[in-house]
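In: sequence plus the predicted model coming up.
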Amino acid sequence: MIPLSWYLLVAAALFCIGLFGVLARRNAIAILMGIELMLNAVNINLLAFWSYLHHDRMNGLVFAAIVFAAAAAETAVGLGLILSVYRRRGTVVAEELDTMKG
Amino acid sequence: MNAAQVIFILAAAITLFSALMVVSVRRMMHAALWLIVTLLGVAVLFVLLQAGFFAVVQVLFYVGAIAILIIFAVMLTRQVMSEKAPQLNRGWVAGLGVSAGLMVILALVLRNFPGSTATAVADPSAGNAVALGLAFSDPSGFAIPFEVASILLVAALIGTIYIALERKGGEQ
């Protein structure tokens, strides 16, 4: 059988790759993609713990479903904001969106 | 090493490799396509975790909806960043350090985690969509989180329409 730690290691690696994408990419859409990777890593962890430790209860599945809903809301609002910013400012580079910086 | 382990290692390798490509390729469209490969790899991991319902939801929802949304956004904002321009910001070395440090810390924590030797429950009947649906419709179960998630989605969709709406001759 597959040990639980394998899933946790893969999820940790996926989360760290997503974190690097969020921290290092300039394009705002690429930052959103990094957030998607991190949310997927969280879902792997939730379903792995459910499958290995609490298989008789529904809590893990419910939590994963809520994460899916939050990911949908985040992506929709994030892309709407990026399109709106692009229309007004003509850029999607995160570090050029510094109007509030004095 | 049995068949499940081989499938797991293949799926995990494909997932992590394509995730690395997502954060490193120069062209945004290629990054979006690599993201689809990553999401499919995660769906395979869900199947191995006996969460078949979530594997289907992953393909329908992430690959079918979110990836298409991202590809739309990439295509609508093309030629903003030239492909010659650097794709990483000036602080990317610090970002690499932070994520590598977090990975080391997580690996150290996982090495001492007592539950990591648990083995899977071979119970194909549990975790099906019917039990999840009953839990979501049970008032003493998860009916309220379900409704809150519904309200969150509706609010997000209405807000997105309002934000992204092009106002013709408006105040902008």
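Out: Perfect, I can see it now. Computed from a predicted model, the values in this text were never measured in an experiment.

In: now do the same for B:Leu110: its pLDDT.
Out: B:Leu110 carries a pLDDT value of 86.

In: would you agree it is in contact with A:Ser5?
Out: Yes - counting by C-beta atoms under 8 Å, A:Ser5 is a contact partner of B:Leu110 at 5.7 Å. Yep, even glycine has a C-beta here, placed from its N, CA and C like the rest.

In: contact partners for residue 49?
Out: This is for chain A. A:4, A:60 (C-beta atoms under 8 Å, 6 or more residues apart in numbering or on different chains).

In: switch to chain B, that's the one I care about
Out: Per C-beta under 8 Å, 6+ apart, neighbours of B:Leu49: A:7, A:44, A:47-48, A:50-51, B:120.

In: could you rerun that using 6 Å?
Out: Going by C-beta atoms under 6 Å, 6 or more residues apart in numbering or on different chains, B:Leu49 touches A:47-48, A:51.

In: just give the nearest non-adjacent residue to it, would you?
Out: A:Ser51 (4.3 Å; C-beta to C-beta, 6 or more residues apart in numbering or on different chains).

In: where are the low-confidence patches of the chain?
Out: I'll assume chain A. A:101-102 (pLDDT under 70).

In: wrong one, I was asking about chain B
Out: B:79-84, B:115-127, B:168-172.

In: ok, and the closest non-adjacent residue to the residue nearest the centre of it?
Out: Nearest to the mean C-alpha position of chain B, counting by C-alpha atoms, centre = their mean, stands B:Leu39 at 6.1 Å. Distances taken as C-beta to C-beta, 6+ apart place B:Tyr62 nearest to B:Leu39, at 4.4 Å, with adjacent residues excluded.

In: ok, B:Asn2 next?
Out: Closest to B:Asn2 by C-beta to C-beta, 6+ apart is A:Met1, at 7.8 Å.
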